[in-house]
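In: Any chance you can model this:
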Amino acid sequence: MAGSHTTFLSVPPLSGPSPAQQVLDLGCGEGRLLGYLKVDPNITRLHGIDVDVAVMRRAVPRLAPLMMDYLQPRERPLTITLYEGSVAVVDRRFLGIDAAACVEVYAVS
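Out: Numbers count the residues shown, from 1 in each chain. Next up, the predicted model:
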């Protein structure tokens, strides 16, 4: 949507690095929250899960490393993994996750 922006109405602003190292975004869609979280230096693993693979494919460019990621590598490497699946199904791959988010994203124009 041209001229639109994303607003996280219910996500508290990060006043500093997160204590979580592994974060799961339930219903990650286009990866907007994951893209927001990927700059946190303490997070080492981001996981996203969604039922719509076509929508998740649109997340890939947003989550790809930026030029600055190569020029100034993180102290702690970051791995981002996207999974096809439903939040309604128990998935043992996510045992041990430090934090999970389920955020509805609205585009405001």
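
In: Does T81 touch I49 like I think?
Out: No: with contact taken as Cβ atoms under 8 Å, T81 and I49 are classed as non-touching, separated by 9.4 Å. Where C-beta positions appear, they are placed from N, C-alpha and C, glycine not excepted.

In: So between those two, which is more surrounded?
Out: I49 (22 against 13; other Cβ atoms under 10 Å).

In: Beta-bridge partners for the more buried one, please?
Out: Under the criterion DSSP bridges, I49 forms beta bridges with L26, Y83.

In: For it, which residues are in contact?
Out: Neighbour list for I49: 24-28, 82-87, 91, 94 [criterion: Cβ atoms under 8 Å, 6 or more residues apart in numbering].

In: how near is it to G29?
Out: Counting by Cβ to Cβ, to the nearest Å, the separation of I49 from G29 is 10 Å.

In: What strand or helix carries the residue nearest the centre of the chain?
Out: A centroid search over the chain (Cα atoms, centre = their mean) returns L34, at 1.5 Å, as the residue closest to the centre. Here L34 sits within helix 32-37, counting by DSSP states H and E.

In: any idea of the mean pLDDT in that helix?
Out: Model confidence over helix 32-37 averages 91 on the pLDDT scale.

In: Output it as CSV, nothing but the C-alphas.
Out: Presented in CSV, the C-alpha positions along helix 32-37 are these (Å, rounded to 0.1, in the frame of the first residue of the first chain):
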residue,chain,number,x,y,z
ARG,A,32,7.0,-7.0,10.2
LEU,A,33,7.5,-7.8,13.9
LEU,A,34,10.5,-10.1,13.1
GLY,A,35,12.0,-7.2,11.1
TYR,A,36,11.5,-4.9,14.1
LEU,A,37,13.1,-7.4,16.5
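
In: tell me what it is packed against?
Out: Secondary-structure packing of helix 32-37 (3 or more Cβ pairs under 8 Å, 6 or more residues apart in numbering; DSSP states H and E): strand 22-26, strand 45-50, helix 59-63.

In: could you redo the last one with a cut-off of 10 Å?
Out: Of the remaining helices and strands, those touching helix 32-37 by 3 or more Cβ pairs under 10 Å, 6 or more residues apart in numbering; DSSP states H and E are strand 5-7, strand 22-26, strand 45-50, helix 59-63, strand 79-84, strand 99-101.
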